[in-house]
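> Fold the following, please.
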Amino acid sequence: MGKFTDRLKSTSLVKKLVHLLVGICTYPGIAIINKLRIHGSDKVKALPKTNVLFVCNHQTYFLDVITMFHIFSAIKWGKRERLGFPSYMLNPFTRVNYVAAEQTMKSSWMSRLFLLAGGLTVRRTWNESSKEQRAGLDPSDTRKIERSLKNNWIITFPQGTTTPYAPARKGTALIIKHHKPIVIPVVINGFSKAFNKTGVTLRKKGTLLTVTFKEPLEIDYDASAQEITEQLMDAIEQSKKFMPEVLTADRH
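Down below sits the predicted model:
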């Protein structure tokens, strides 16, 4: 079953159909019921089509990635700060994958469907339910990511959780050290207010959703994984210096 799913994910037509279906279902919540503003789309337009890693903070399981899919397709069609009419989903940008926890993507029919849009499942380095701990990346995960970077963009969430200001895992830094991609920090806001965490259900209407693409990071690939992780957390505004004082006090 796993090999069959992998073959489906690599089929352009299947990807386009899933992007179209998911795009039509989610567009109203993103761009009509709520308001999306995009910053830095010119930086995305100028990127090469391979070996680019988008590093983002995390607020919902699915809408973060889905919105970025919308944005990439809209940019492909010449849009900039707004999505405009979703005719771009008739020929979406599909040369993009996203990294997701294996457990999450097996949790529901919706997650299994969305996996066909370009999901790269990885085993968590720390599994809360089993208390399993691993050092670094699983070799099979590394190979999947390497193959994807050679052909596509990848979206990843170094915190691996929707909890704001949670510490990052070092897996993203190890990917960067091994494969030396162009790294684009992405900061999102408003999604945790507008949508429930695990699905695409609306929580609040009229929310301003923002997605900001920053300049590519200048990274010393010889630096330690910890140093690169700290640089990433600063770039996506999830390090301690961005934490509100009330949360800082709670964690001491």
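> is it true that Ala31 touches Glu81?
No - applying CB atoms under 8 Å as the test, Ala31 and Glu81 come out as separate, 12.0 Å apart. C-beta: built from backbone N, CA, C; applies to glycine.
> Of the two, which one has the most company?
Using other CB atoms under 10 Å as the criterion, Ala31 and Glu81 rank with Ala31 on top: 19 against 13.
> and Pro48, which of the three is it?
Taking DSSP: H, G, I helix; E, B strand; the rest coil as the rule, one finds Pro48 in the coil state.
> Distance of the spatially closest residue to Ala166 that is not a sequence neighbour relative to Trp77?
Spatially, and ignoring its direct neighbours in sequence, Ala166 is nearest to Gln159 (4.8 Å; CB to CB, 6 or more residues apart in numbering). Plainly put, Gln159 is 31 Å away from Trp77 if you go by CB to CB, to the nearest Å.
> Of these two, give the one with the bigger neighbour count.
The neighbour comparison of Gln159 against Trp77 (other CB under 10 Å) goes to Gln159, with 20 against 17.
> what pLDDT does that one get?
Looking at Gln159, its pLDDT reads 92.
> And it, how close does it get to Leu232?
Separation of Gln159 from Leu232 (CB to CB): 10 Å.
> Identify the residues contacting the residue nearest to Ala166.
Asn57, His58, Ala166, Pro167, Ala168, Arg169, Gln238 (CB atoms under 8 Å, 6 or more residues apart in numbering).
> and it, which of the three is it?
Assigned with three-state DSSP, Gln159 falls in the coil class.
> Gly171 versus that one, what's the distance?
Relative to Gly171, and taking CB to CB, Gln159 is found at 11 Å.
> again, but for Lys204
Noted for Lys204: a distance of 32 Å to Gly171, by CB to CB.
> more neighbours, those two?
Neighbour tally, Lys204 and Gly171, criterion other CB under 10 Å: the higher count belongs to Gly171, 25 against 12.
> Per-residue pLDDT of the more buried one, please?
So, for Gly171, pLDDT stands at 87.
> Output the below-cut-off pLDDT ranges for the stretch 151-252 of the chain.
Along the stretch 151-252 of the chain, segments meeting pLDDT under 70 span 245-252.
> Report the buried residues of the longest helix seen in the chain.
Assignment by DSSP state H gives helix 12-27 as the longest helix of the chain. Buried residues in helix 12-27, counted by 16 or more other CB atoms under 10 Å: Lys15, Lys16, Val18, His19, Leu20, Val22, Gly23, Thr26, Tyr27.
> Likewise for stretch 142-150?
Thr142, Lys144, Ile145, Ser148, Leu149.
> what are the ranges of the strands in the chain?
Applying DSSP state E to the chain gives strands spanning 35-39, 52-56, 96-101, 119-122, 126-127, 132-133, 153-156, 182-189, 208-213.
> in its sheet, what does the third one sit against?
Read that as strand 96-101. Strand 96-101 has the following strand partners under DSSP bridges: strand 119-122 (parallel), strand 153-156 (parallel).
> So what's the residue count around the nearest residue to Gly160 once chain neighbours are set aside?
Ranked by CB to CB, 6+ apart and with sequence neighbours excluded, the top spatial neighbour of Gly160 is Arg169, at 5.2 Å. By other CB under 10 Å, the residues close to Arg169 number 19.
> isn't Arg169 right next to Phe157, touching?
No - with contacts counted by CB under 8 Å, Arg169 stays clear of Phe157, the gap being 9.6 Å.
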